[in-house]
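Asker: coordinates only, no sequence provided:
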């Protein structure tokens, strides 16, 4: 009996997998090679790397090996913190290859245009294929002179300070160490966590841009994110006599995975990940701020002495109770095809959405099933609130007979949104929000997630461009 799901792959037409050497996947103690033939339900484009190389923002884009759905050309555009385009490059996709794209002029004075920026890859119709917020930071680990570095981030409304989960944890440790005493933010982080000195400088610079700075306990809004896999994730591309495995895990909760069994042993694999976004109040009683000049390698190789604030403060906790509005959305799709009893295939996708520690959505699908649900909620807090998505994908494919095919694949998507507005002294009273999303389910699902985010924030008159 032929089992063929109604979702996912249209068949088993072979096509070359990506030519890029990616992380191999160990299965059953055997390290499999990174080239094979298979068809997979992969996105048209995947951003696989983003870094500063030779002083230039450089992106690497993996194009689908299937070749179907690729645009005739695409535009990769970088936007600064004020949503102004700073650099744009035209890219011509080629199935199964990686495009290395240089964005000359992308980082134009982030100390004035904003440290939280965005990269958008759009097709010839202007439809977004990939949208990736990124944070610009400083690396000061090699000496007194610092250089620019970039890392995937999350999106937010203006006047929201961005920091990594590592710096957030470091600041918590430093403030706990000093209690009610004055804290020299940059110097103390540099002493206790020297690898984070550059991030501390950028964090202090962001703080100094947002009033008010005077009062018994003044607060700013902060956006913190963490994800696993970290960065932009990793590729899965392996083959053996038992079968072919291909996919991508990350960034965070996003993934896709395809298995094609080639013998009775077959192939089995799973991927897991999570994405977490937090909107929080950071409150301080400022003692004073002085400015120091820090030498920085700017794009083009010129060293500029830039003024950075070095704040001295005492931590405090505001009594301001704030309503945090949440919206979470998770989706998953599975596919399997086999002919019993001669071959077998299993595909399972599972996702969980949490607000703080409360599970609000817990969904799964298998063998051609799918899910896509949204949940709205709210919570009061004087500190902050978190949205988190955890995902797991599992595939198994066995083919005892050479006459019958077997294939399994999974893909997913998610979106996390948080809004808040305070109405207390010494706390900014504007509407603020953070959001984070990703999907491996193609352009229509990407567009749908973007509309979900837009409609959520529009309730408070916030026009965002996810």
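Answerer: Perfect, thanks for sending it. Small disclaimer: the values here were computed from a predicted structure and weren't measured.

Asker: quick one, helices of the chain?
Answerer: 110-113, 165-178, 185-192, 197-208, 443-458 (DSSP state H).

Asker: can you pull out the low-pLDDT segments for the stretch 301-450 of the chain?
Answerer: Along the stretch 301-450 of the chain, no part satisfies pLDDT under 70.

Asker: same question for the stretch 101-250 of the chain.
Answerer: Checking the stretch 101-250 of the chain against pLDDT under 70 turns up 212-214.

Asker: quick one: the strands in it?
Answerer: Secondary structure of the stretch 101-250 of the chain (DSSP state E, counting those that start in this stretch): strands at 116-123, 128-139, 146-152, 155-156, 160-164, 183-184, 218-228, 234-240, 243-249.

Asker: what lines up beside the fourth one in the sheet?
Answerer: Partners of strand 155-156 in the sheet, by DSSP bridges, are strand 432-439 (antiparallel).

Asker: got it, and the first one?
Answerer: When pairs are called by DSSP bridges, strand 116-123 turns out to pair with strand 74-79 (antiparallel), strand 128-139 (antiparallel).

Asker: now what about that strand, what contacts it?
Answerer: 45, 47, 50, 59, 61, 71, 73-81, 83, 86, 91, 103, 106-107, 110, 128-136, 153, 155-156, 160, 162, 443 (Cβ atoms under 8 Å, 6 or more residues apart in numbering). Bear in mind the C-beta positions are built from the backbone N, C-alpha and C, glycine included.

Asker: again with stretch 161-168
Answerer: The set of residues external to stretch 161-168 that reach it, using Cβ under 8 Å, 6+ apart, is 115-116, 135, 151, 153-154, 156, 171, 189, 196, 199-200, 203, 206-207, 210, 220-226, 282.

Asker: give me the neighbour count for residue 49.
Answerer: A total of 15 residues lie near residue 49 under the criterion other Cβ atoms under 10 Å.

Asker: next one: residue 105
Answerer: 14.

Asker: which residues does it contact?
Answerer: Residue 105 sits next to 86-87, 299 when contact means Cβ under 8 Å, 6+ apart.

Asker: mind putting those residues into JSON lines with pLDDT and distance to residue 243?
Answerer: Converted to JSON lines, these look like this (pLDDT from 0 to 100; distance: Cβ to Cβ, whole Å):
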{"residue": "86", "pLDDT": "95", "distance to residue 243": "45"}
{"residue": "87", "pLDDT": "96", "distance to residue 243": "42"}
{"residue": "299", "pLDDT": "82", "distance to residue 243": "46"}
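
Asker: from these, which is closest to residue 323?
Answerer: Nearest to residue 323 out of the contacts of residue 105 is residue 86 (Cβ to Cβ; 35.6 Å).

Asker: quick check, that closest one in contact with residue 78.
Answerer: Yes - contact status for residue 86 versus residue 78: in contact at 5.1 Å, counting by Cβ atoms under 8 Å.

Asker: so which of the strands of the stretch 101-250 of the chain is nearest residue 360?
Answerer: Nearest to residue 360, of all the strands of the stretch 101-250 of the chain, is strand 218-228, at 19.2 Å by Cβ to Cβ.

Asker: angle of that closest one against strand 146-152?
Answerer: With axes from the mean of the first three to the mean of the last three Cα atoms, to 10 degrees defining the directions, strand 218-228 sits at 70 degrees from strand 146-152.

Asker: show me what strand 218-228 is packed up against.
Answerer: In terms of contacts (3 or more Cβ pairs under 8 Å, 6 or more residues apart in numbering; DSSP states H and E), strand 218-228 is packed against strand 160-164, helix 165-178, strand 267-298, strand 432-439.

Asker: any idea how far residue 55 lies from residue 145?
Answerer: Residue 55 is 13 Å from residue 145, where distance means Cβ to Cβ, to the nearest Å.

Asker: next: residue 443.
Answerer: 43 Å.

Asker: one more: residue 266?
Answerer: Using Cβ to Cβ, one gets 55 Å for the distance from residue 266 to residue 145.

Asker: looking at the two, which is more packed in?
Answerer: residue 266 (21 against 14).

Asker: so who does that one touch?
Answerer: Applying Cβ under 8 Å, 6+ apart, the residues contacting residue 266 are 242-243, 259, 344, 396-399, 406.

Asker: report the two of those separated the most.
Answerer: 242 and 344 (13.4 Å).

Asker: what do the two both touch?
Answerer: Shared contacts of residue 242 and residue 344, counting by Cβ under 8 Å, 6+ apart, come down to 261, 266.

Asker: what is the end-to-end distance of stretch 291-306?
Answerer: By Cα to Cα, to the nearest Å, the extent of stretch 291-306 from end to end equals 10 Å.

Asker: give the buried residues for that stretch.
Answerer: Using 16 or more other Cβ atoms under 10 Å as the test for burial, stretch 291-306 gives 294, 296-299, 306.

Asker: ok, now stretch 60-72?
Answerer: For stretch 60-72, by 16+ other Cβ under 10 Å, it's 60-66, 69-71.

Asker: thought residue 401 was touching residue 343, still the case?
Answerer: Yes - contact between residue 343 and residue 401 holds when scored by Cβ under 8 Å: they sit 6.5 Å apart.

Asker: these two - which one has more neighbours?
Answerer: For the pair residue 343 and residue 401, the greater number of neighbours falls to residue 343 (23 against 13), based on other Cβ under 10 Å.

Asker: contact partners for the more buried one?
Answerer: So residue 343 contacts 261, 397-401, 404-406 (Cβ under 8 Å, 6+ apart).

Asker: which of those are buried, as a ChimeraX select command?
Answerer: This is how ChimeraX selects the buried members of the contacts of residue 343, with burial counted by 16+ other Cβ under 10 Å:
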select :261,397,398,399,400,404,405,406
